[in-house]
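> I would like to see how this sequence folds:
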Amino acid sequence: DVYKRQVTVAEETPELLALAADDALIAGVVGWTDLTAPDVADALAALRELPGGDRLVAIRHQVQGEADPEWLLRPEVLRGLAAVAAAGLAYDLVVLDHQLPAARAAAAALPGLTFVLDHLGKPPIAIGGLRPWSEAVRGLAVLPNTVCKLSGMVTEADWRTWTVDDLRPYADTVLDAFGPDRLMFGSDWPVCRLAASYAEVLAAARELTSALGPAERAAVFAGTAVRTYGLGRDLGQKG
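Numbers count the residues shown, from 1 in each chain. Below you'll find the model as predicted:
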């Protein structure tokens with residue numbers, strides 16, 4: 001598991017790192033720190049010194065909650081993202097589809113930082129809309145320092161009536177845009193429980209990737225995450 005939560009509370013990251021220190025099943029923690037603070041580098045170094053600090057693999061912020069569609073391009077945020085890169089961490093993008101252009105610009109400005117797009121960038125699955133999301137996500141995928149999580153689809157679909165076929169156009173888009181070597185499965189548990197169980201999400205992902213070869217499926221369900229987050233051990237039996 002790469003463990004994370006949905007809120008941006010400073011106290012939670014130390015708590016999650018401490019949990020990881022005591023639980024060998026937690027391979028990495030995606031935490032939070034204030035990217036706009038002038039001492040981001042010091043804050044990241046301090047997290048690394050905490051119990052479980054060696055499990056910190058990435059930082060993320062709930063950009064989807066920011067009113068400014070170009071929040072990621074603010075000078076102070078770009079400075080914070082540069083500190084994340086310097087610390088050898090990845091950055092998880094939690095954005096809405098209209099924020100994808102800014103995400104692309106930020107990734108282009110920081111080629112040394114790996115950006116992980118969570119939940120496909122929140123496409124409007126419930127209404128069956130592909131554009132402009134598909135164009136924006138393909139624009140992001142052109143950049144080699146970007147990766148995408150095959151996650152969060154069921155909660156963007158109709159929670160009560162979704163089918164795998166509803167998800168397929170979106171999964172196919174990111175598979176084509178990023179390729180299996182830059183795509184990783186994510187359960188989005190426990191949020192996924194609004195629309196599906198963990199088992200149902202995993203089964204859907206397996207069906208959506210059933211046309212891939214064994215090596216490609218291994219990348220989606222283990223290898224891409226291990227490489228992107230520097231997990232350093234084989235998670236191939238956990239998909």
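
> show me the shaky parts of the chain.
Using pLDDT under 70 as the threshold, the predicted model of the chain has low-confidence ranges 1-9, 232-239.

> now the helices for it?
Per DSSP state H, the chain has helices spanning 12-21, 40-49, 75-86, 100-109, 133-141, 164-178, 198-208, 214-218, 224-229. These are given in chain order.

> can I get these in TSV with mean neighbour count and distance to Thr33?
C-beta here means a position set from N, CA and C on the backbone, and glycine is covered the same way. Below are the helices of the chain laid out as TSV (neighbours: other C-beta atoms under 10 Å; distance: least, C-beta to C-beta, whole Å):
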stretch	mean neighbour count	distance to Thr33
helix 12-21	19	7
helix 40-49	16	5
helix 75-86	18	8
helix 100-109	21	17
helix 133-141	20	23
helix 164-178	18	27
helix 198-208	17	28
helix 214-218	14	32
helix 224-229	22	17
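
> please report how far Ala90 lies from Asn145.
In this view, Ala90 and Asn145 are 9 Å apart by C-beta to C-beta, to the nearest Å.

> neighbour-wise, which of those two wins?
Set side by side, Ala90 and Asn145 show unequal neighbour counts under other C-beta atoms under 10 Å, the larger going to Ala90 at 23 against 16.

> isn't the more buried one up against Leu231?
No - contact criterion C-beta atoms under 8 Å: Ala90 and Leu231 do not qualify, at 11.1 Å.

> what do those two both touch?
Val57 (C-beta atoms under 8 Å, 6 or more residues apart in numbering).

> ok, which of the helices of the chain comes nearest Ile125?
Closest of the helices of the chain to Ile125 is helix 164-178, at 5.9 Å (criterion: C-beta to C-beta).
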